[in-house]
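In: Okay, sequence plus prediction incoming.
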Amino acid sequence: MLIYLGYKNTNVREEKNTIKINEKEEGNLKGYLCMVLHTHLPFVNHPENDNYIEEEWLYEAITETYIPLLKYFNLLAEEKVKFSITMSLTPPLLEMLDSKVQQDKYIKYLKKHIELSSKEIERTKCGPNEENELAKYYYNRYSEELHLFKEVYKCELIPQFKKLQDEGYLEIITCNATHGFIPMLYTNERNIEVQIKYGVMIYEKYFGRKPRGMWLAECGYAKEVEKYLKKYEIEYFFTEMHGVMYANPVPVYGVYAPIVTPQGIAVFGRNVESTMRVWSNVSGYPGDSNYREFSRDIGFDLDYEYIKPYLTYDGVRIPIGIKYYSVSDKSEYKSYYNIQRAKWTAETHAYDYMQKTIEQITKASGYTKQKPPIIVSMQDSELYGHWWYEGPYWLYILIKKMYYDQNEIDFITPSMYLDMYPELQVCQPSISSWGSGGTNSQWAECDEKDVYIHLEILSKRMTELANNYQNEKDKLKIRALNQCARELLLLQTSDWYFNLTCYRAVHYSNERINTHIERFNKLYDQIINSTIDESFLKDIEWKDNIIKEINFRDYKSI
């Protein structure tokens with residue numbers, strides 16, 4: 001069964017900026033590549049401390065991923081190379097990027113790295129030449145990024161992404177409010193609606209338009225989410241491959257075309273074959289011996305007293321970001337990283353990816369005769385630059401090669417595809433996630449299973465508060481009620497439960513879970529007993545200051 005969606009595109013770009021199949025000859029065009037970069041970090045904000053290890057997750061991502069991607073995207077625009085890339089920018093990340101506190105801390109972070117790399121130039125001047133040249137490279141790179149961030153971008157990265165979207169190079173989509181994992185939240189539907197509503201609202205605040213698509217956190221799909229996607233005018237979302245492949249009925253074109261749910265929302269399934277080429281460090285490109293080794297870092301290699309001033313406040317050794325070695329082989333021996341050799345390798349891999357995509361599209365086009373097939377390649381943005389250091393350059397070369405060197409495939413975004421091919425097969429997607437095994441076990445089987453009992457209790461308490469105080473006029477009590485809603489949203493963040501199952505950042509993840517539970521319950525008791533401690537409330541408003549637009553009344557019973 002096919003349904004005509006007839007989407008009305010409310011985000012129409014000016015004709016001069018509209019990307020039309022990148023000017024390829026339609027007669028030669030066999031299909032499309034939809035690159036989707038999921039750009040997310042959990043909300044971490046510690047204004048009470050200038051040197052918190054978990055805040056460095058953001059600074060590393062800005063340095064190694066966000067600024068490099070912006071640099072290459074802007075360079076492509078200057079070179080008049082047309083491209084169409086899809087990126088999610090999640091509300092927690094947007095709120096952190098917009099924070100003046102985080103912007104100031106990031107400048108301090110870069111200045112520390114410039115100082116350290118300057119010392120490294122001096123330390124290595126009598127050692128191997130390769131090491132000294134790399135120290136100079138890091139000094140120059142951090143200096144350039146400080147200049148870009150402070151002087152060119154004026155500390156504001158969000159307008160840079162917005163500009164690329166307004167000019168037609170990016171399609172930016174949203175995510176649910178605090179990256180809550182939908183399949184674990186739908187026991188209380190208020191949780192789902194609030195996650196969707198504020199995911200849309202925060203997007204509109206920063207980008208001045210409605211999002212057409214939404215990345216459901218962890219690609220976690222459950223049928224109950226659809227009516228709220230419909231309510232807030234989300235036109236499409238993504239699932240793991242089997243979310244589409246195991247749909248009912250089985251899709252005629254597999255994952256080479258989107259399907260549409262009975263509610264009328266389009267669903268794009270991840271193409272695993274295409275994704276793993278750039279995702280896997282075993283079978284994919286990132287494991288090549290010429291690329292930079294992620295795990296060897298001077299934060300662990302150098303004398304402790306020397307490196308101590310550049311660690312966080314607790315003095316624990318952490319990755320600094322200055323790395324001198326290549327992947328080489330799997331033994332302890334590592335050769336020095338050669339930047340030019342790594343770039344040549346990235347160029348080779350970009351060509352290989354293009355050729356393999358053409359082969360994949362050519363094969364698929366044999367049985368998707370009614371419309372050109374689409375390959376949806378989905379990765380975390382942080383793969384590019386942070387985990388795979390050469391990733392941003394690889395993507396830049398891939399875009400140029402696809403633009404200049406062939407006419408058989410083209411980049412496309414989901415909205416562009418739906419506008420051109422609105423007839424989709426109606427199917428009910430399968431429950432799925434992109435966690436281990438494609439099930440919900442990555443979040444359900446953490447060692448702290450009782451946290452879901454707390455989540456359920458706090459969700460019920462939030463609805464109770466919204467029902468009982470929906471007509472509240474007292475400003476202090478309204479502030480406390482809104483902060484309860486923020487604490488619940490932050491408790492729902494999927495990252496904390498994912499970390500517990502992967503045994504990484506376990507202490508901090510447990511700390512965050514327990515902190516939000518404690519803060520919620522303390523506020524709850526103060527509200528119902530009319531004993532609100534304003535100094536306590538002000539302190540947590542300062543620390544957990546996400547989604548200033550929150551309205552606790554959204555949790556009242558339907």
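Out: Okay, I see it.
In: per-residue pLDDT, Ser436?
Out: Here the pLDDT value assigned to Ser436 is 66.
In: The strand ranked longest in the chain packs against which elements?
Out: If you go by DSSP state E, the chain has its longest strand at strand 31-39. Secondary structure elements in contact with strand 31-39, counted by 3 or more Cβ pairs under 8 Å, 6 or more residues apart in numbering; DSSP states H and E, are strand 85-89, helix 339-365, strand 374-380, strand 409-411, helix 414-420. In this view, the C-beta of every residue, glycine as well, is placed from N, C-alpha and C.
In: for the record, mean pLDDT for the shortest one?
Out: When you say that, I think you mean strand 409-411. This predicted structure assigns strand 409-411 an average pLDDT of 97.
In: so where's the protein shaky on pLDDT?
Out: 1-27, 330, 435-449, 502-503 (pLDDT under 70).
In: which stretches of the protein form strands?
Out: For the chain, strands defined by DSSP E occupy the ranges 2-4, 31-39, 85-89, 170-175, 213-215, 236-239, 259-260, 266-269, 374-380, 409-411, 423-426.
In: Can you dump the C-alpha atoms of the last one in CSV for me?
Out: Think strand 423-426. Coordinates of each C-alpha in strand 423-426 appear next as CSV, following Å, rounded to 0.1, in the frame of the first residue of the first chain:
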residue,chain,number,x,y,z
GLU,A,423,4.7,8.2,-2.2
LEU,A,424,5.7,5.8,0.5
GLN,A,425,4.7,2.3,1.6
VAL,A,426,2.6,2.3,4.8
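In: Can you pull the domain assignment for this protein?
Out: Following the assignment in automatic domain parsing, the chain carries domains at 2-98+156-290+338-436, 103-155+293-336, 446-555.
In: Could you save the helices and strands packed on strand 31-39 as CSV and add columns showing distance to Ile182 and mean neighbour count?
Out: Conversion of the helices and strands packed on strand 31-39 to CSV gives the following (distance: least, Cβ to Cβ, whole Å; neighbours: other Cβ atoms under 10 Å):
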stretch, distance to Ile182, mean neighbour count
strand 85-89, 15, 25
helix 339-365, 30, 17
strand 374-380, 17, 23
strand 409-411, 29, 25
helix 414-420, 19, 20
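In: Nearest to Gly269 among those would be which one?
Out: Ranking the helices and strands packed on strand 31-39 by proximity to Gly269 (Cβ to Cβ) places strand 374-380 first, at 6.5 Å.
In: okay, the angle between that closest one and strand 85-89?
Out: Orientation check (axes from the mean of the first three to the mean of the last three Cα atoms, to 10 degrees): strand 374-380 against strand 85-89 gives 40 degrees.
In: strand partners of strand 374-380, parallel vs antiparallel please.
Out: In the sheet, strand 374-380 lines up against strand 31-39 (parallel) (DSSP bridges).
In: Check the offset of the partner strand from the chain's centre.
Out: 13 Å (Cα atoms, centre = their mean, to the nearest Å).
In: follow-up on the earlier one: the longest strand of the chain versus strand 170-175: what angle between them?
Out: Taking the same axes, to 10 degrees, one finds strand 31-39 and strand 170-175 inclined to each other by 50 degrees.
In: contacting residues around Thr39?
Out: Residues touching Thr39, when contacts are defined by Cβ atoms under 8 Å, 6 or more residues apart in numbering, comprise Tyr66, Met87, Ser88, Leu89, Thr90, Leu93, Asp380, Ser381, Glu382.
In: Having no further points to raise, I will conclude here.
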